[in-house]
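Colleague: Give me a model of this one.
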Amino acid sequence: MDEVGTPVKWERLGDTKWYKVTTSANRTYYYNRASKESRWERPDVGVPEAPPEPAPQEPPAAAQRETENTVDAIAGYKALIKRLNLKPTDTFDSAMPRLVFDENFKRIPQEQRRRLFDKLRRELLKESSRSIREISKEYMASDAGTRCDPQKPTDKDGDKPLKEGQTVKEGTKRHIPGPPVDRSAERATIKRKQQHVHSSKDAMASEMARTAFLSLLHEKVKMPFANGEVQPMDEFFIEGDPRSQSPYLHDREGIYLEFVSEFLESRIALFEEKLASLGSNNLLDTLDEVIDILGPRLFGQLPRDRLRSCLRRWRHSTENELKDSFNVLLWTTLYYAEGTPESRLPQAIEQIHKDKRELADEHRNSRAEY
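Modeller: Numbering: from 1, shown residues only. Next up is the predicted model:
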């Protein structure tokens, strides 16, 4: 029986009383429960034998490598997003200029970049909030422990003086008190260490509270400006959120002004980016007309002096580009043409009009492609 093993699997052959039995020794025999007959050969019961189950195959090496590469690419993409330290208000489009030149971004297929960006941003926000909660709990637990008075060791009383006629028992030891030890320096050192630990923990908790409050402002405050002026912090939008009620949150007004400064610089950078998409036909547009084109909800309430500075820089740069292009056009139409300057001028004018028509055709073709 040891060679055959014990039955571990029973398979009935159709509607018959015969069973195919597989043992622990990987042996197979057939057993009839009605007649108690056992045999090694398969009985002729008219039921075709089932094909053996295919053994599980290892994944091909190429597929395994492809899976590993995909996992590595997603991990690199997530590390890139985390490294950029994006604001909660940043979107895939606004973060694109900082992502597009990184190799981790290029490894992600184009059709998956936006979806993965949103998914990984949500994961990073969850991880950040979870870590803040864990560190806060750890700090509160350790803080509660250090506030408790440590158990002070009790000094044992020294041996009492011997009474008259009393002798020291054999094997016992008399305690001879020595000179008093000054432990004030040791206590001062311990106190300084405890104060340093408390100070470090308080600083960490304050920094976490500040970061959480900044995140709250980015989520709730859509436009901190009105007619170019900074609006006071609206308590209505942040009231009730635990991130605004931390006991370690200090100088909320200062943090709000820091948020306003970051918000303004981010919007100015976006304004300059959108200005680059305008054509030379917008050179003479006023600031209000440019804001209407680029987005009044985005830029209408920002300080006008900052927007005018951006507009002046864009006009100056665009005018220089047009001058350079026009100089090249003049050199190619006047310098190489035959005849006197008076006779070459009509040819140059004709060439200039021709170039304008060609540019217009190219512009229409490019718009048709998109």
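Colleague: In the helix or strand Asp72 falls within, which residues are buried?
Modeller: Remark: Asp72 resides in helix 61-84, with elements defined by DSSP states H and E. Neighbour counts over helix 61-84 (16 or more other Cβ atoms under 10 Å) mark 73-74, 76-78, 80-81 as buried. For glycine as for every other residue, the C-beta is placed from the backbone atoms N, C-alpha and C.
Colleague: Check which element follows that helix along the chain.
Modeller: helix 92-99.
Colleague: That next one - contacts with which helices or strands?
Modeller: Counting contacts by 3 or more Cβ pairs under 8 Å, 6 or more residues apart in numbering; DSSP states H and E, helix 92-99 packs against helix 61-84, helix 110-147.
Colleague: just checking, Pro43 touches Tyr19?
Modeller: No. Counting by Cβ atoms under 8 Å, Tyr19 is not a contact partner of Pro43; they are 10.3 Å apart.
Colleague: So for the two, which residues contact both of them?
Modeller: Taking Cβ atoms under 8 Å, 6 or more residues apart in numbering as the criterion, Pro43 and Tyr19 both touch 13, 30, 32.
Colleague: where exactly do the strands run in the protein?
Modeller: 7-12, 18-23, 28-32, 37-39, 225-226, 229-230 (DSSP state E).
Colleague: Dump those strands to TSV, plus distance to Leu345.
Modeller: Output for these, formatted as TSV (distance: least, Cβ to Cβ, whole Å):
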stretch	distance to Leu345
strand 7-12	101
strand 18-23	102
strand 28-32	104
strand 37-39	113
strand 225-226	53
strand 229-230	55
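Colleague: which of these is buried the deepest?
Modeller: Counting by mean count of other Cβ atoms under 10 Å, strand 18-23 has the highest mean neighbour count of the strands of the chain, with a mean of 18.
Colleague: what pairs with that strand, and is each one parallel or antiparallel?
Modeller: Within its sheet, strand 18-23 is paired with strand 7-12 (antiparallel), strand 28-32 (antiparallel), according to DSSP bridges.
Colleague: can I get the ones you listed in TSV with distance to Leu329 and mean pLDDT?
Modeller: TSV is the format used below for the strands paired with strand 18-23 (distance: least, Cβ to Cβ, whole Å; pLDDT from 0 to 100):
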stretch	distance to Leu329	mean pLDDT
strand 7-12	88	85
strand 28-32	91	89
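Colleague: Using a markdown table, lay out these together with distance to Leu125.
Modeller: Listed next are the strands paired with strand 18-23 as a markdown table, based on distance: least, Cβ to Cβ, whole Å:
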| stretch | distance to Leu125 |
| --- | --- |
| strand 7-12 | 51 |
| strand 28-32 | 58 |
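Colleague: thinking again about what came up before, so which of the strands of the chain gets nearest Glu265?
Modeller: The minimum distance between Glu265 and the strands of the chain falls on strand 225-226, with 12.7 Å, by Cβ to Cβ.
Colleague: tell me what the helix holding Asp72 is packed against?
Modeller: With contacts defined as 3+ Cβ pairs under 8 Å, 6+ apart, helix 61-84 has these neighbours: helix 92-99, helix 103-106, helix 110-147.
Colleague: All good on my end, thank you.
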